[in-house]
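>>> I'll drop the sequence and a predicted model, then ask my questions.
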Number of protein chains: 4
Amino acid sequence: MTEPTATSYGFVRLDGVMADDLSVINSARVSFDRRDETLTDAGVGLIKFLMRERHGTPFEHNAFRFHIKCPIFVTREWMRHRIGSFNEFSARYSEMPPEFYLPELEHVRAQTGKPGAYTFEPAGDEAFRDNAVHAMSSSIKQSIRMYNMLLEGGIAKEVARNVLPVSMYTQFYWTVNARSLMNFLSLRTAPAALLEIRQYAEDVETIFADTMPVTYAAWVEYGKKTP
Amino acid sequence: MTEPTATSYGFVRLDGVMADDLSVINSARVSFDRRDETLTDAGVGLIKFLMRERHGTPFEHNAFRFHIKCPIFVTREWMRHRIGSFNEFSARYSEMPPEFYLPELEHVRAQTGKPGAYTFEPAGDEAFRDNAVHAMSSSIKQSIRMYNMLLEGGIAKEVARNVLPVSMYTQFYWTVNARSLMNFLSLRTAPAALLEIRQYAEDVETIFADTMPVTYAAWVEYGKKTP
Amino acid sequence: MTEPTATSYGFVRLDGVMADDLSVINSARVSFDRRDETLTDAGVGLIKFLMRERHGTPFEHNAFRFHIKCPIFVTREWMRHRIGSFNEFSARYSEMPPEFYLPELEHVRAQTGKPGAYTFEPAGDEAFRDNAVHAMSSSIKQSIRMYNMLLEGGIAKEVARNVLPVSMYTQFYWTVNARSLMNFLSLRTAPAALLEIRQYAEDVETIFADTMPVTYAAWVEYGKKTP
Amino acid sequence: MTEPTATSYGFVRLDGVMADDLSVINSARVSFDRRDETLTDAGVGLIKFLMRERHGTPFEHNAFRFHIKCPIFVTREWMRHRIGSFNEFSARYSEMPPEFYLPELEHVRAQTGKPGAYTFEPAGDEAFRDNAVHAMSSSIKQSIRMYNMLLEGGIAKEVARNVLPVSMYTQFYWTVNARSLMNFLSLRTAPAALLEIRQYAEDVETIFADTMPVTYAAWVEYGKKTP
């Protein structure tokens, strides 16, 4: 049995892409039976116009395929986004690797305020947080050991996994168009979003910005809303 | 702190409904500018025809709103169904009630065969299964105690919950039309489906059969496929 | 053969509904494992909060089923709304009734300005508009006569209909939840929307306002945006 | 004013693509934390298995962007497919080009049988069909002339177009994944589908077969159903 390991981040990897700014322009220009071969100033202006006026459909004619590794509790929020495609690791078919999320010390946080408008700050002092992280780690390792014991006893993977915590790492493919991606980013990079999904969303945002820079700039300019 | 409790089932409750067989007939008959006021033999025949020929859209003009309580690992499969609406209990906003799933003794199962075509049978003898259930229960209770300890230490709910297992009970509202419901049922009542979601799907199936009996009978007659 | 007839409006009829403000509140309150039996001030406040913060999913747990009669060119915009269900009259299966849209005199309009920001005013003087309406009517009636002649010659309905104009009336069922409905209304009641679909959208808006008055008021208060 | 022209077909053009058979395999293999770099026999077998068992999601991690020109009555069926993205020529913003569909002589057809199970054969003799095509052409050209006259009189494009028939050519971009594409093809290449959309669907099918040959072969082998 592999020793359980804790990390504070998985990965976001772009696995495939069909996306550029020109596709936004041309799918909008079809309204006028026109087509651009290159990115022009007029095209850039059109993207800004579409974003400002929230004409969303021209931002859909593209696709990003991501391969992501993150804790189960992060996927639980991610997979609520229905415009897009998912395939995930199966704990019915495969043994879960003994990897789990453990927050960085400064992310062991306390909350004040009301739901949806929490303020967070580090919980207690550093010694307290260090203790908390050790306690979490020890509890999760105990759960993983129990999982392994149940498997060794011949119990089905899909039953044994019930003792595993939501901090276990899983992985999935996610294919999504830029419009749905902007919706995801507007919700999951917001200050009120869960810190842990925000970290992944920021990596997704960087890839989006690199791939469709004009669209990205317009999205930022008009407040990072869903077009 | 409430004592952790284990149960083997939550609930499926119909919270609201706009669904009957006549709506299927009339949304199909609009093709001919016709409308029935009551269920006739011809209407029943039309439903069978639509199901057999997989004309799916007439089965969408209705809605079921369910309130469901089940373990997290069951919701993980449920919420992959994208045609429908979900709102779930939030472990960021609320403390998770200390309730968790523990299988009935006969459901502590071993698997043989290949992924997607497993055969299951009770694992070991009854004493073994009894031990396994006690071990699972003890591990999960330990995780819940850790959760409570972290909360008492002032750690945010959304951090503390990371130690909790996927067998914790959650609850959600699910609103769905009959076509998407039949897709859900065809996948989640199938023999290869996870036992635990099958139990919920069977309760959903009973409610569907009671509400749209002619549609249900046609769906069964033509092999419980997605129309 | 029935004589072709022109009208300037079809109908919007609510055929079935499962929708009230309380369903919004309770599908949001499930986050906290709470449930209201009646509409309270706190519930009203919650709806406002959800609308303002664009928490959209609680507005999805309901359904409106509409029966609509309108010209083909209006359905062409309507059916671009993908979150919802449609069944329409079939010109392959049935003869199209000889009814067509003809604008009211004041709606025979000229446009100035740029696409997406047109200004409209009545075209020419009343005599001009009267002439234009008669010319349109005469052209459309000629097309309908040709349709009938082709049918009488034994040509398939699906071929004969190719000569019919987009102003012919059709009808359809549309089932949609309040969130998607608000998206439809925000786009189709906007000043830049096509006048003819705006008229239908306004009738839909009235039914929505009557059915979910608190939700409607909040939607108006926060700018009629899609939540 | 350009002279109206009739043709019996527009075009299907692949404008962009992110699709191969390997993406199906790897999005399925993520269930097992595995990944193939090349197409192997085992991968081919997996695609067949997924198709046969109707595991649909691995077929979604790809995208095809098509540019299509076809008559309005064809788009009316096409745009009922909700899983995918559309942007179309706008008759509000642009003058419609005077191009319209006119069937080949052998496609001037008569129908017998019941809706959904029609049998078609050429209507009358060749002289009859020749007459019918000329009559249709003449009626449509009359409508186009009226359209132009209304435009010249200063009437808004969105009003003038109401006299135009559903046989006018329009164009649009369509972005879709392979699973939704197979659903489209299973319905629109079927013998009962409208002849005119079938012609476009067959061109789409050829492009699909060229791009994802293993997936295509499996789809054919298992009956061209939606996975």
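That came through, no problem.

>>> residues touching the residue of chain A most remote from its centre, list them.
Using CA atoms, centre = their mean, the residue of chain A lying farthest from its centre is residue A:33. It sits 37.2 Å away. Going by CB atoms under 8 Å, 6 or more residues apart in numbering or on different chains, residue A:33 touches D:89, D:94, D:97, D:171. Just so you know, the C-beta spots here come from the backbone N, C-alpha and C atoms, and that holds for glycine as well.

>>> doesn't residue D:88 make contact with the second one?
No: assessed by CB atoms under 8 Å, residue D:94 is found out of contact with residue D:88, at 10.9 Å.

>>> Can you pull the residues that touch both of the two?
Common neighbours of residue D:94 and residue D:88 (CB under 8 Å, 6+ apart) are residue A:31.

>>> These two - which one has more neighbours?
A count of neighbours by other CB atoms under 10 Å in any protein chain shown puts residue D:88 above the other of residue D:94 and residue D:88, at 21 against 15.

>>> That one contacts residue D:171, doesn't it?
Yes: between residue D:88 and residue D:171 a contact is recorded at 7.2 Å, counting by CB under 8 Å.

>>> Residues that sit against both of the two, list them.
Counting by CB under 8 Å, 6+ apart, the common neighbours of residue D:88 and residue D:171 are residue A:30.

>>> Does residue A:100 touch residue A:8 like I think?
No: using CB under 8 Å, residue A:100 is not in contact with residue A:8; the gap is 10.3 Å.

>>> Same drill for these two, tell me which one is more crowded.
Counted by other CB under 10 Å, residue A:100 and residue A:8 do not tie: residue A:100 has more neighbours, with 26 against 13.

>>> so which helix or strand takes in the more buried one?
strand A:99-101 (DSSP states H and E).

>>> in the next helix or strand after that strand, what's buried?
Counting by DSSP H and E, the element after strand A:99-101 in chain order, helix or strand, is strand A:109-114. Of the residues in strand A:109-114, those buried under the neighbour-count criterion (16 or more other CB atoms under 10 Å in any protein chain shown) are A:109, A:110, A:111.

>>> Which residue ranges of chain A form helices?
All helices of chain A, identified by DSSP state H, fall at A:21-29, A:41-52, A:72-78, A:126-152, A:157-160, A:178-188, A:195-211, A:213-221.

>>> quick one: buried residues of the longest one?
Residues of helix A:126-152 classed as buried: A:128-129, A:132-133, A:135-137, A:139-144, A:146-151 (neighbour count, 16+ other CB under 10 Å).

>>> hmm, back to that, point out the one among the helices of chain A that comes closest to chain C.
When these are compared for distance to chain C using CB to the nearest CB, the nearest one is helix A:41-52, at 7.9 Å.

>>> now check that closest one, is it near chain D?
No: if you take CB under 8 Å from any CB of the partner chain as the test, helix A:41-52 misses chain D, and the best it gets is 10.5 Å.

>>> which residues touch that helix?
If you take CB under 8 Å, 6+ apart as the criterion, helix A:41-52 is touched by A:21-22, A:24-25, A:28-29, A:36, A:55, A:58-59, A:214-215, A:218-219, A:221-222, A:227, C:116.

>>> Thanks a lot, catch you later.
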